[in-house]
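# Predicted coordinates and the sequence they were generated for:
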Amino acid sequence: MAPRNPQEILIARAPSEPAPAAALPHPDLVAAIPRLRRYARVLTGDPTSADDLVQDALGRAWEKRALWQAGTDLRAWLFTIMHNLFVNQRALARREAGNVSLDAEGESDAAWQLPVRGNQLERVELMQVLQQVGRLPAEQREVLLLAAVEELRYEEIAAVLAIPVGTVMSRLSRARERLRRMAVEAPVPLKAVK
Amino acid sequence: MPELSDADLSACADRQLSPERAADVAAVLAADAALAARVAGIREQNAALRDALDPVLAEPIPDRLLDAARPPDVRAGRRPAAPRWLAPVFAAAATLVLGLAVGWYARDAAIERSGTPTTFARQAAFTHVLYVPDVRRPVEVWAAEEKGLVTWLTKRLGFQVMAPDLNAVGYALVGGRLVAGNESPTAMFMYENADKQRLTLQVRKQPADGGETAFRYALENGVGVFYWIDAGSGYALTGTIDRGQLLAIARVVYGQLAALDAKK
């Protein structure tokens, strides 16, 4: 499915016709929303802030729609926008709160309310995986998610995060090694999950 | 044997090695169980992450995000003014008013214009896109009270309506509601399949001498509508699935309605 330019929907509408399509959610954006939400949820660690981030990203995408290049991957572009918003928000929060660096170790997010399905045992294991991911620095978490879950090419990840491919690779290796160590070390005590 | 870096192991686990490099790496891994185990470990990590996070994809999209996916000029314009989708309704109403002022002949012509099946299809598409994305209140009466729903709509429409059973084609009844039509109230039934794909069937009394029509198809801005007139009633089956699928379901609906008519 070739992504359509969000602009097209505006251009294509004949001015004389108050077409309902103008009020319809853009199908390519709607198609991207579930993945944006998933990614945002791991970035922020909580569903409400995640949806706030996705909402901001969609708003920004409409504002900047002239900058989207037709034929390129709309989803990657949306990830880029969301990443930038996230980094800006973190920077702002950091200035307000004082010191915490984006790369700070163990800046574990207060509430991981991520969905986990499966039987009791699986749930505990999956919950644990998410807790461990939550303990990764945000910049490693981003790379790991884009590679392992979103399955973007490393070059695409580099473009989304505006970093060299070599940096993608080193962050990815560090994230994986850290997760591996967490898994073999004493299991993290689980927080109560609603 | 070439040396393997951490990057090679990651790329191998993520299946992102170039074909030439992949052959080299495979040769090394075949000879080194410890390295092979690391690649397997990374794949397990990946699988665990996806298992834990995939359920997010299945969650219904909240209204505020659907709203954010709409073109912003529409969003901005909608708050003070009437919703854009109402404009054609107003236009149809204006046509009627004008028609009354001009005279009976003009009025008849206006009704004919606003009451043609084309308008019905468009109306059905508006109604469809208005209610289908609604997560919490897509319908007024839920399928659990199907009997009451059918009785209520039958009373309001003034003729016997039914909610066809589409379970055989994978769609379960969500519920229904009464919606405004151009000239007559319209009943809307909503259906949903396992992928949360929704269809609506809208039914209304067709103006007299409307005649009967074969299935007609209209694509209203990405929303497909099959509509037909049968025994004084107009039907519109609306959805964003492909035309062939929609037609197949329209045939099922038609067959069930015909069976009901035969019983009368």
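Received the coordinates, thanks.
# Looks to me like B:Y217 is in a strand.
Yes. Secondary structure assignment places B:Y217 in a strand (DSSP: H, G, I helix; E, B strand; the rest coil).
# Next, count neighbours for the residue in the stretch 151-264 of chain B that chain A sits nearest to.
Nearest to chain A in the stretch 151-264 of chain B, going by C-beta to the nearest C-beta, is B:N221, at a distance of 3.3 Å. Heads up, the C-betas are built off the backbone N, CA and C, glycines and all. Residues lying near B:N221 (other C-beta atoms under 10 Å in any protein chain shown) number 18.
# could you measure it against B:T238, distance?
B:N221 sits 12 Å away from B:T238 when distances are taken as C-beta to C-beta, to the nearest Å.
# do A:R41 as well
A:R41 sits 33 Å away from B:T238, going by C-beta to C-beta.
# And B:A26, by the same measure?
52 Å.
# more neighbours, these two?
Ranked by neighbour count (other C-beta under 10 Å), B:A26 and B:T238 place B:T238 first, with 28 against 13.
# Quick check on the nearest residue to the more buried one once chain neighbours are set aside: phi, psi?
Using C-beta to C-beta, 6 or more residues apart in numbering or on different chains and skipping the chain neighbours, the partner closest in space to B:T238 is B:H128 (4.2 Å). B:H128 has phi and psi values of phi -60, psi -50 when expressed as degrees, to the nearest 10.
# and B:H128, how many residues sit next to it?
Neighbour tally, B:H128, other C-beta under 10 Å: 28.
# who are the neighbours in contact with it?
Applying C-beta atoms under 8 Å, 6 or more residues apart in numbering or on different chains to B:H128 gives the contacts B:T200, B:Q202, B:V223, B:V225, B:T238, B:G239.
# Settle this for me: B:P138 is touching B:V132, isn't it.
Yes. The pair B:P138 and B:V132 passes the contact test of C-beta atoms under 8 Å, sitting 6.6 Å apart.
# helices and strands of chain B: which one has the lowest mean pLDDT?
Sorting the helices and strands of chain B by mean pLDDT, DSSP states H and E puts helix B:104-115 at the bottom, at a mean of 42.
# hmm, back to that, between B:P138 and B:V132, what contacts are shared?
Residues within reach of B:P138 and of B:V132 at once, by C-beta under 8 Å, 6+ apart, are B:M190, B:R198.
# how close does B:A36 sit to chain A?
B:A36 sits 15 Å away from chain A, taking C-beta to the nearest C-beta, to the nearest Å as the criterion.
# excluding its backbone neighbours, what's nearest B:Y191?
Per C-beta to C-beta, 6+ apart, closest to B:Y191 is B:Y171, 3.9 Å.
# shaky segments in the chain?
Looking at chain A here, since you left the chain open. Along chain A, segments meeting pLDDT under 70 span A:1-23, A:97-123, A:186-194.
# Can you look at chain B instead?
Short version for chain B, where the test is pLDDT under 70: B:1-2, B:73-119, B:182-183, B:207-213, B:263-264.
# in it, which spans are strands?
B:141-142, B:172-179, B:186-192, B:198-205, B:216-220, B:223-230, B:233-239 (DSSP state E).
# Tabulate these in JSON lines, adding columns for distance to B:D8.
Listed next are the strands of chain B as JSON lines, based on distance: least, C-beta to C-beta, whole Å:
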{"stretch": "strand B:141-142", "distance to B:D8": "56"}
{"stretch": "strand B:172-179", "distance to B:D8": "50"}
{"stretch": "strand B:186-192", "distance to B:D8": "47"}
{"stretch": "strand B:198-205", "distance to B:D8": "47"}
{"stretch": "strand B:216-220", "distance to B:D8": "50"}
{"stretch": "strand B:223-230", "distance to B:D8": "49"}
{"stretch": "strand B:233-239", "distance to B:D8": "48"}
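# and of those, who's closest to B:L35?
strand B:186-192 (48.6 Å; C-beta to C-beta).
# Within the sheet, what are the partner strands of that closest one, with directions?
Applying DSSP bridges to the sheet, strand B:186-192 is found paired with strand B:172-179 (antiparallel), strand B:198-205 (antiparallel).
# Other residues contacting that strand?
By C-beta under 8 Å, 6+ apart, strand B:186-192 touches B:123, B:127, B:131-132, B:138-139, B:153, B:156-157, B:161, B:163-164, B:166, B:171-180, B:198-204.
# neighbours around residue 147, how many?
Chain wasn't specified; assuming chain A. That count, for A:A147 with other C-beta under 10 Å as the rule, works out to 28.
# my bad, chain B
Close neighbours of B:K147, defined as other C-beta under 10 Å, add up to 9.
# still on that earlier bit, quick check: neighbours shared by B:N221 and B:T238?
Common contact partners of B:N221 and B:T238 (C-beta under 8 Å, 6+ apart): B:A125.
# ok, which residues in the stretch 151-264 of chain B are in contact with chain A?
B:E220, B:N221, B:G222, B:V223 (C-beta under 8 Å from any C-beta of the partner chain).
# From B:F126, how far out is the third one?
From B:G222 over to B:F126 the distance is 13 Å, taken as C-beta to C-beta.
# of those two, who's got more company?
Here B:G222 and B:F126 are compared on neighbour count by other C-beta under 10 Å; more neighbours surround B:F126, at 24 against 13.
# anything in stretch A:48-59 near chain B?
Yes. With C-beta under 8 Å from any C-beta as the measure, stretch A:48-59 is seen reaching chain B through A:D51, A:V54, A:Q55, A:L58, A:G59.
# Quick check: A:L29 touching A:G59?
No. If you go by C-beta under 8 Å, A:L29 and A:G59 don't touch, sitting 10.9 Å apart.
# Of the two, which one has the most company?
The neighbour comparison of A:L29 against A:G59 (other C-beta under 10 Å) goes to A:L29, with 26 against 16.
# residues contacting the more buried one?
Residues in contact with A:L29 (C-beta under 8 Å, 6+ apart) are A:P6, A:L58, A:A61, A:L74, A:L78, B:A69.
# State the helix or strand in which it lies.
Using DSSP states H and E, A:L29 sits in helix A:27-44.
# which one's the longest helix in chain A?
The longest helix of chain A (DSSP state H) is helix A:74-97.
# Please list the outside residues in contact with that one.
Contact with helix A:74-97 is made by A:3, A:28-29, A:32, A:35-36, A:39-40, A:43-44, A:53-54, A:56-58, A:60-61, A:64, A:68, A:100-102, A:138, A:142, A:146, A:150, A:152, A:156, A:159-162, as judged by C-beta under 8 Å, 6+ apart.
# 6 Å instead, please
Helix A:74-97 is contacted from outside by A:3, A:28, A:32, A:36, A:43, A:56-57, A:60-61, A:68, A:100, A:102, A:156, A:160-161, using C-beta atoms under 6 Å, 6 or more residues apart in numbering or on different chains.
# Done for today, thanks.
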